[in-house]
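**Q** this is the structure alone, sequence omitted:
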């Protein structure tokens, strides 16, 4: 299985090196406005949020927030990142936590930023954000719902997801429902080619996910370890990278020094080609009257000067912010 996974990843790299096309199969990025060829020169923020509603799956009222009010609050922060030539903005808010693809489409049109949304469900937080039907259906049936969003569009629109977002609690073994999410994500990946991004945190919750995915034939190269900065033992980054897993250090909206230390470790151990960077910022909250939006700029204003001071080259910075995310979110499909 390990040999097969390595072969798959080597083949995928060859595809990208050949302009993204082999035997009629073209790699592409899916955003809320359509498909785009993979371009490793574009700047990415690979894990952010516009809006998140933590009221819970049993209470959330879809589309009760006013689009114009949300846009008025978040637009100044999105205009800021245009000054840093950000082309792709990955919105990691899943269904039942405030995913609103029509809102994202409006913002994408106003900003001309390519916004990538997701399919999937979020089990972290002791399954508070999972709808009741998840308990009643199989992983196969759950996957069919997610596959339908990719093939037919989300919530009756023509907008399609560009990746799978799931979430698990920090535990081994995983909760039964969260195991179901991982299995459904694996099935969806194998049918669609969508990368799996999983809210994971510390590595203890990573290994059971990779074990399930491996048993189902999904390469670790199709998996993003989200919030990996929470892991305290840096040697686990080396282990995950050796397996081919993407490692997302995505809390830069809240902390810079911790990320800097982990990036220095990644550089020293030759695994920068498996690292993704983002802020996990934004967070318009419909439950609050007064908003406090976290900016999406710490990477550019705080982290990059520190990286350069520690000897990081422009090529290495481009690897982290352009080349790696383009590979991580690339989807194989027919022309």
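**A** Now that the structure is in, tell me what you want to look at. These numbers come from a predicted model, not from an experiment.
**Q** which residue ranges of the stretch 151-300 of the chain form helices?
**A** 176-192, 206-215, 235-243, 257-268, 298 (DSSP state H, counting those that start in this stretch).
**Q** need those helices in TSV (columns: distance to residue 322, mean neighbour count and mean pLDDT).
**A** For glycine as for every other residue, the C-beta is placed from the backbone atoms N, C-alpha and C. Converted to TSV, these look like this (distance: least, Cβ to Cβ, whole Å; neighbours: other Cβ atoms under 10 Å; pLDDT from 0 to 100):
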stretch	distance to residue 322	mean neighbour count	mean pLDDT
helix 176-192	23	22	98
helix 206-215	25	19	98
helix 235-243	19	18	98
helix 257-268	16	17	98
helix 298	18	20	98
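**Q** of all those, which lies closest to residue 132?
**A** Ranking the helices of the stretch 151-300 of the chain by proximity to residue 132 (Cβ to Cβ) places helix 176-192 first, at 10.9 Å.
**Q** circling back: now the helices of the stretch 151-300 of the chain in JSON lines, with distance to residue 103?
**A** Output for the helices of the stretch 151-300 of the chain, formatted as JSON lines (distance: least, Cβ to Cβ, whole Å):
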{"stretch": "helix 176-192", "distance to residue 103": "24"}
{"stretch": "helix 206-215", "distance to residue 103": "30"}
{"stretch": "helix 235-243", "distance to residue 103": "34"}
{"stretch": "helix 257-268", "distance to residue 103": "29"}
{"stretch": "helix 298", "distance to residue 103": "24"}
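**Q** which residues of the chain score low on pLDDT?
**A** Scanning the chain for pLDDT under 70 picks out 1-25, 63, 333-335.
**Q** spatially central residue in it, please.
**A** In the chain, the residue lying closest to the centroid (Cα atoms, centre = their mean) is residue 197, at 4.7 Å.
**Q** to residue 81, which of the helices of the stretch 151-300 of the chain lies closest?
**A** Across these, closest to residue 81 is helix 298 (Cβ to Cβ), at 10.9 Å.
**Q** pull the distance from that closest one to the chain's centre.
**A** 18 Å (Cα atoms, centre = their mean, to the nearest Å).
**Q** number the chain from 34, please
**A** Taking 34 as the first residue, the last one we looked at is helix 331.
**Q** which SSE is immediately downstream of it?
**A** Heading C-terminal from helix 331, the first helix or strand you meet, by DSSP states H and E, is helix 337-342.
**Q** buried residues in that following helix?
**A** Judged by neighbour count (16 or more other Cβ atoms under 10 Å), helix 337-342 contains these buried residues: 337, 340.
**Q** that helix packs against which elements?
**A** For helix 337-342, the contact count by 3 or more Cβ pairs under 8 Å, 6 or more residues apart in numbering; DSSP states H and E identifies helix 290-301, helix 347-351 as packing neighbours.
**Q** nearest to residue 339, of the ones you listed?
**A** When these are compared by Cβ to Cβ, helix 290-301 sits nearest residue 339, at 5.3 Å.
**Q** and the angle for that closest one with helix 268-276?
**A** Calculated by axes from the mean of the first three to the mean of the last three Cα atoms, to 10 degrees, helix 290-301 forms an angle of 50 degrees with helix 268-276.
**Q** run through the strands of the stretch 134-283 of the chain in chain order.
**A** 147-149, 151-152, 196-200, 229-232, 256-259, 279-282 (DSSP state E, counting those that start in this stretch).
**Q** and the first one, how far out from the chain middle?
**A** Right, strand 147-149. Computed by Cα atoms, centre = their mean, the separation of strand 147-149 from the middle of its chain amounts to 11 Å.
**Q** that's all I had, so thanks and see you.
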